[in-house]
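# build me a model from this:
(one chain, ligands or ions: 1)
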Amino acid sequence: MTAERNKLLMKINYTLKRSRERRKTISLNISHNNEIVICAPYFTSQREINRFIQEKQSWIEKIIKKHADKALLIKERKFVSGEYFYYLGESIELEAFFEPKEKKGLVLWNNRFYLNSPDDKETRKHYFVLWYKQKALEHIGKRVDFYCRQLNLRARGVRISSARQRWGSCSPDNKLAFSFRLIMMPPDVIDYVIVHELMHIKEKSHSRRFWKLVAEAMPQYKTNQRNLKKYGEAFTF
Ligand SMILES: [Zn+2]
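Below you'll find the model as predicted:
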């Protein structure tokens, strides 16, 4: 195999690997850091390779854009003005400042976050967590009551946790816990996690019966489940 750097008119940088093995087709691979590798049979002409890239160009651009969007979403938060934070699925801009004489903490007003805090990341994050926890308790508490009435179930208390991966849980004696991070998700997604945990009151394992119960209570649960996965890693910090 020989590898050479190439550059095309369309500004797609790639590494070409020519194979002496009996490869018959040209193939293309994009890594997570957008490195493009093209494998081609040894005697493939540059024209053929260019044509191949031309055909794949819009696909390549789509993948690169997808990677960029993802990187933007999961980049580490600094808790400074101009950053966006999620609440009930909405992306809200932060304005951070420090007025020592005013009450410190986070306020949501007119679709904007206002944070009065000393300028250090940990303190600022702390105020966000406090705010999210309080909102999570209010919102999730209400929704648990609503679904308990609707589904005729009884939960023995609701607690807000700091779990990073575990969105919700139901203990053997039916105490429910939900991560404060859930409050960043859209309301439908939050409802799905609530219904999911409430159904564990009836059925502890993820058996067929369990998923049937979830589907009866929430016919569109699969969409919400998919969105939980999709937003899960992107929204939170
Ligand atoms: Zn479960």
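# for the chain, which spans come out with low pLDDT?
1-11, 70-75 (pLDDT under 70).
# where do the strands of it begin and end?
Ranges of strands within the chain are 2-7, 13-19, 27-30, 36-41, 84-87, 90-97, 105-109, 112-116, 158-161, 168-170, 176-179, based on DSSP state E.
# just name the most buried of those strands.
strand 176-179 (a mean of 22; mean count of other C-beta atoms under 10 Å). No exception for glycine: its C-beta is placed from N, CA and C like everyone else's.
# which outside residues touch that strand?
136, 140, 144, 155, 157-164, 166-171, 193-194, 197-198 (C-beta atoms under 8 Å, 6 or more residues apart in numbering).
# for this structure, longest helix please?
Counting residues, the longest helix found in the chain (DSSP state H) is helix 121-151.
# and that helix with strand 105-109, angle?
Relative orientation of helix 121-151 versus strand 105-109 (axes from the mean of the first three to the mean of the last three C-alpha atoms, to 10 degrees): 60 degrees.
# just checking, what packs against helix 121-151?
Applying 3 or more C-beta pairs under 8 Å, 6 or more residues apart in numbering; DSSP states H and E, one finds that helix 121-151 contacts strand 84-87, strand 105-109, strand 112-116, strand 158-161, strand 176-179, helix 187-199, helix 208-217.
# can you list these in JSON lines and add distance to Thr236?
Formatted as JSON lines, the helices and strands packed on helix 121-151 follow (distance: least, C-beta to C-beta, whole Å):
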{"stretch": "strand 84-87", "distance to Thr236": "8"}
{"stretch": "strand 105-109", "distance to Thr236": "16"}
{"stretch": "strand 112-116", "distance to Thr236": "16"}
{"stretch": "strand 158-161", "distance to Thr236": "13"}
{"stretch": "strand 176-179", "distance to Thr236": "9"}
{"stretch": "helix 187-199", "distance to Thr236": "12"}
{"stretch": "helix 208-217", "distance to Thr236": "23"}
